[in-house]
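Novice: 3D, please:
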Amino acid sequence: MSFSGKRPTNLGVKEGKLAPCPSSPNCVCSQGSTTDTEHYIQPFSYSGTPSEAIEKLKSIIQGMPRTAIITESENYLYAEFTSKLMGYVDDVEFYLDQNAQTIHVRSASRLGQSDLGVNRKRIEEIRRLLA
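Specialist: All right, here's what the predicted structure looks like:
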């Protein structure tokens, strides 16, 4: 059984921004309002070169189970994470802002209302592994 849903059409970076989160509680984004505690999450900081940061991030993602990198460029990664039990898919994006030495993130469930905190936990785990 799989609840993958259709790939969203609003993914990618537009004018330096990832898409905002919908009103549902199954999304986190580092480019939203810091007062939106349900959706806001801190971006990643990195040291070294931008290419080193993207390569390290890519390596971490590839080491996670049920994950596929769909799109990558010198400053952007988009990956799909699939849940073990029901095959739900989360769309996870990373945008490297070289000027701010920051990696912005957005992680959102494709289907459903609640994600039981899975998207936030995943991003915090990646943050821990990047450190």
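Novice: make it CA atoms for all contacts and neighbour counts henceforth
Specialist: Will do.
Novice: ranges for the strands of this protein?
Specialist: Secondary structure of the chain (DSSP state E): strands located at 27-29, 44-45, 67-72, 76-82, 89-97, 102-109.
Novice: Distance check, the residue most central in space within the chain against Thr102.
Specialist: The centre of the chain sits closest to Val92, judged by Cα atoms, centre = their mean, with a distance of 3.0 Å. Plainly put, Val92 is 16 Å away from Thr102 if you go by Cα to Cα, to the nearest Å.
Novice: same check, this time on Thr82
Specialist: From Thr82 to Thr102 the distance is 26 Å (Cα to Cα).
Novice: nearest residue to the residue nearest to the centre of the chain other than its sequence neighbours?
Specialist: Counting by Cα to Cα, 6 or more residues apart in numbering, Val92 lies nearest to Ser107, which is 4.2 Å off, once chain neighbours are set aside.
Novice: contacting residues around that neighbour?
Specialist: Cys27, Val28, Cys29, Asp90, Asp91, Val92, Glu93, Asn119, Arg120, Ile123 (Cα atoms under 8 Å, 6 or more residues apart in numbering).
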